[in-house]
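K.L.:
Provide a 3D model corresponding to the input given below.
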Amino acid sequence: MIHAHRHRIPMAASGAAFVLLLGACSHAGAPAAAQVPSVDVAEVVNRQVAERQVYSGRLQAVDRVDIRAQVPGKITKVYFRDGQRVKKGDPLFLIDPRPYQAAADRAAAQLAAARARATFASADYVRAQKLLAGNAISRRDFDDRFNASLSATADVKAAEAALEQAKVDLGYTTIDAPVDGKVSRAERTVGNIVAAGYSSPSLTTLVSISPIYADFDVDERTYLQFLDTAGQREVEVRLGLANETGVTRLGKIASVDNQLENTTGTIRVRASFENTDGALVPGLFARVSVGAAPPHPAVLVDDRAISTDQAKKYVLVVDGNKTAQYREVFLGSLVDGLRVISSGLKPGERIIVDGIQRVHPGEQVQVKVVPMAGENDPVATR
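P.N.:
As a prediction, the model looks like this:
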């Protein structure tokens with residue numbers, strides 16, 4: 001009896017242990033619930049846009065003149081203040097005119113004497129003609145008087161030219177502004193002796209104010225899209241300075257260079273802008289926006305939702321089953337902070353805008369609908 005009792009207890013214990021072990025194994029073998037990634041999803045923006053490309057440019061004056069003396073002499077007056085705006089024809093400098101006035105008076109006197117000699121020679125020639133007809137003068141004397149008349153007439157022309165040159169030199173003593181614009185500082189002041197000619201020191205510089213040019217280089221795509229047909233349809237050009245958030249100044253294409261630079265793949269473009277307030281200063285950097293004026297419908301997305309797969313650009317589209325689908329897209333320009341999608345997306349589709357790094361194409365996702373970033377931002381480029 002004792003032996004049989006001892007035998008049943010281990011069997012019962014073994015059975016209980018087996019049940020516990022089986023339950024543990026069954027619990028350990030149950031599959032864990034799959035974790036579905038949560039992502040932010042936004043519907044693509046669909047609206048009318050005027051697509052533009054933005055480039056960095058530099059402002060250039062339409063007219064820039066180095067003011068130099070055209071006759072030597074002493075500066076007796078400076079008519080402008082440093083940085084003053086002047087009109088075409090306003091006096092800038094006066095070079096002592098007295099020597100040139102004296103030269104003009106002397107040339108005038110020489111002209112008067114030449115005309116008197118010409119009058120006498122002409123009358124003497126007329127008399128010689130009458131004497132020759134009556135055989136009262138030799139042919140040689142007649143020829144001498146004829147030659148004297150021609151020489152006197154030529155002397156008059158030379159004296160007239162000398163007087164004209166003297167008057168021109170006298171006029172050069174007053175240096176006027178050749179164009180409307182703004183002068184720099186006076187490099188030579190009253191009392192200085194100045195030389196004449198291109199190699200002489202500049203007295204000041206004068207730049208025109210309005211209109212003003214903006215020179216910039218555009219890529220081949222922009223040229224083919226907008227500028228090669230500039231004569232056939234309107235091209236909108238806008239400009240903004242470094243301290244401005246938008247590109248509010250409206251201009252027009254002034255010229256497009258005649259060839260594309262092979263090394264850079266760009267072509268030089270010049271646009272013209274009105275500058276009546278003088279805020280645009282030659283030499284400043286500026287942002288220049290180029291695009292077609294007529295708006296067209298476009299799909300736009302946040303740039304951060306676009307990923308790169310080798311040379312391709314793509315987004316993850318969330319379909320009706322909340323599955324992420326790979327979609328290659330082709331990009332346009334930035335408009336109001338959003339990227340234009342030239343092809344690859346349709347209006348009404350939704351894409352992942354945050355959490356894309358946690359998702360693989362074909363996976364289920366938990367969707368949190370958010371607005372497209374920048375969709376309601378103020379329009380900065382208009």
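
K.L.:
longest strand anywhere in this structure?
P.N.:
Counting by DSSP state E, the longest strand found in the chain is strand 324-335.

K.L.:
Any buried residues in that one, and which?
P.N.:
If you call a residue buried by 16 or more other C-beta atoms under 10 Å, then strand 324-335 has these buried ones: Ala324, Arg327, Val329, Gly332, Ser333, Leu334, Val335. (Glycine included, C-beta is placed from N, CA and C.)

K.L.:
These into TSV, with extra columns for pLDDT?
P.N.:
Shown next, in TSV, are the buried residues of strand 324-335 (pLDDT from 0 to 100):
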residue	pLDDT
Ala324	94
Arg327	94
Val329	94
Gly332	81
Ser333	77
Leu334	78
Val335	79
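
K.L.:
Skip ahead from the helix or strand bottoming out on mean pLDDT in the chain and say which helix or strand is next.
P.N.:
When each helix and strand of the chain is scored by mean pLDDT, DSSP states H and E, helix 2-28 comes last, with a mean of 43. Per DSSP states H and E, the first helix or strand lying C-terminal to helix 2-28 is strand 38-43.

K.L.:
what angle do that next one and strand 324-335 make?
P.N.:
Angle of strand 38-43 versus strand 324-335, following axes from the mean of the first three to the mean of the last three C-alpha atoms, to 10 degrees, is 50 degrees.

K.L.:
Surely Ala107 and Ala166 touch.
P.N.:
Yes - the pair Ala107 and Ala166 passes the contact test of C-beta atoms under 8 Å, sitting 4.2 Å apart.

K.L.:
List the contacts of the longest strand of the chain.
P.N.:
39, 49-54, 291, 298, 300, 303, 306, 309, 312-319, 339-345, 351-352, 359-363, 365, 381 (C-beta atoms under 8 Å, 6 or more residues apart in numbering).

K.L.:
repeat for stretch 106-119
P.N.:
Ser149, Ala152, Thr153, Asp155, Val156, Ala158, Ala159, Glu160, Ala162, Leu163, Gln165, Ala166.

K.L.:
In contact with the last one, which residues are there?
P.N.:
Think Ala166. Ala166 neighbours (C-beta under 8 Å, 6+ apart): Tyr100, Ala103, Ala104, Arg106, Ala107, Ala108.

K.L.:
Make CSV from those and add pLDDT and distance to Ala214 to it.
P.N.:
Converted to CSV, the contacts of Ala166 look like this (pLDDT from 0 to 100; distance: C-beta to C-beta, whole Å):
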residue, pLDDT, distance to Ala214
Tyr100, 97, 43
Ala103, 97, 47
Ala104, 97, 46
Arg106, 97, 52
Ala107, 97, 49
Ala108, 97, 51
